[in-house]
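**Q** Sequence and predicted model, in that order:
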Amino acid sequence: MKESMEKIDTKLTGNCTMITGAEGAIGRNLADTFATAGSNLILTDVPERYETLTEFAKNLEEIYQIKADCYAMNQKNTSEIESVVEQLQENCQGKIDTLINNAGVNYLIPIHEYDESRWNNVIDTNLKSTFMVSKMIGKCMVKNRKGSIISISSQHGVVGNVNRVAYCASKAGIINMMKVFALEWAKYGIRANCVSPTFVLHEKNEKLLNKPSVAREQLAKIPLGRYCTPQDVTNIVVFLASQYSEFITGQNIIVDGGYTAQ
């Protein structure tokens with residue numbers, strides 16, 4: 001189990017946190033850190049990742065003495081989301097304190113090569129599914145008159161970049177969508193915010209990001225001189241889930257080392 005942030009008093013003990021895309025690098029870091037803070041977990045990912053996700057969840061339960069339930073869920077399929085939500089209502093009595101929309105995909109393709117199939121996959125996975133999951137889980141929060149919805153967007157939802165047309169569009173949509181959730185559901189005690197990182201370095205992309213040509217093009221644009229880490233993202237998500245951010249909603253916190261300040 002990789003290291004996570006030191007345990008601090010965020011009053012997350014006994015809470016229930018749902019994380020989509022939980023088997024990825026950021027998802028695992030989120031799960032590990034929230035477990036460290038004492039939160040019970042609901043972890044989802046696509047069916048082909050379910051087995052490894054389950055093993056990961058068992059380790060979290062043993063180490064942190066929390067409950068971590070896993071669900072296979074293809075977020076592009078609304079009926080699968082509905083099925084998982086129905087199970088959650090039975091297993092959790094509808095108590096979900098924090099929803100973290102982390103699942104997402106991207107293709108590095110020039111505009112003239114972008115076909116409809118890839119466009120639909122990115123928009124459906126990143127934008128449509130974030131809406132559907134937030135709406136359905138949010139209904140549980142509405143009943144409880146409390147909740148925090150946190151969506152992982154991107155600096156590319158704020159500034160454009162080449163070869164990412166659908167990704168940029170989907171992430172920009174998520175940012176504005178969370179503002180509407182914040183406005184409509186504030187009366188129910190629900191907060192909705194975004195976290196938008198720059199390039200996040202992890203074991204699956206480190207060869208690409210550390211290539212000299214990529215570093216010259218992308219790393220050079222980050223004033224603080226390094227890529228983002230999964231923990232950099234998680235630290236802000238924990239803040240937005242905690243009592244320290246109870247008056248923050250409808251915001252997009254950019255974790256980019258100064259990339260978008262230029």
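**A** Received it, and whenever you're ready, just let me know what you need.

**Q** what residue ranges in this protein are flagged as low confidence?
**A** Applying pLDDT under 70 to the chain picks out residues 1-10, 91-94.

**Q** Next, the closest residue to Asn29 other than its chain neighbours: phi, psi?
**A** Spatially, and ignoring its direct neighbours in sequence, Asn29 is nearest to Pro230 (3.7 Å; Cβ to Cβ, 6 or more residues apart in numbering). (C-beta placed from N, C-alpha, C; glycine too.) Main-chain torsions, Pro230, degrees, to the nearest 10: phi -50, psi -40.

**Q** Near Pro230, how many other residues are there?
**A** Neighbours of Pro230 under the rule other Cβ atoms under 10 Å: 22.

**Q** ok, now which ones touch Asn210?
**A** By Cβ atoms under 8 Å, 6 or more residues apart in numbering, Asn210 lies in contact with Leu201.

**Q** what about it, distance to Leu201?
**A** Going from Asn210 to Leu201 by Cβ to Cβ, to the nearest Å gives 8 Å.

**Q** circling back to that earlier point, can I assume the residue nearest to Asn29 is in contact with Ile26?
**A** Yes: Pro230 is within contact range of Ile26, at 4.7 Å (criterion: Cβ atoms under 8 Å).

**Q** all helices for the stretch 1-150 of the chain, in order.
**A** Here the stretch 1-150 of the chain has its helices, by DSSP state H, counting those that start in this stretch, at 25-36, 50-64, 78-91, 116-122, 129-144.

**Q** Export those to JSON lines and append columns for distance to Cys168.
**A** Shown next, in JSON lines, are these (distance: least, Cβ to Cβ, whole Å):
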{"stretch": "helix 25-36", "distance to Cys168": "19"}
{"stretch": "helix 50-64", "distance to Cys168": "28"}
{"stretch": "helix 78-91", "distance to Cys168": "24"}
{"stretch": "helix 116-122", "distance to Cys168": "10"}
{"stretch": "helix 129-144", "distance to Cys168": "15"}
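
**Q** For the residue lying closest to Leu41 once chain neighbours are set aside, grab the count of nearby residues.
**A** In space, and not counting its chain neighbours, Leu41 is closest to Ala68: 4.2 Å by Cβ to Cβ, 6+ apart. Neighbourhood size, Ala68 [other Cβ under 10 Å]: 25.

**Q** again with Phe181
**A** By other Cβ under 10 Å, 22 other residues sit near Phe181.
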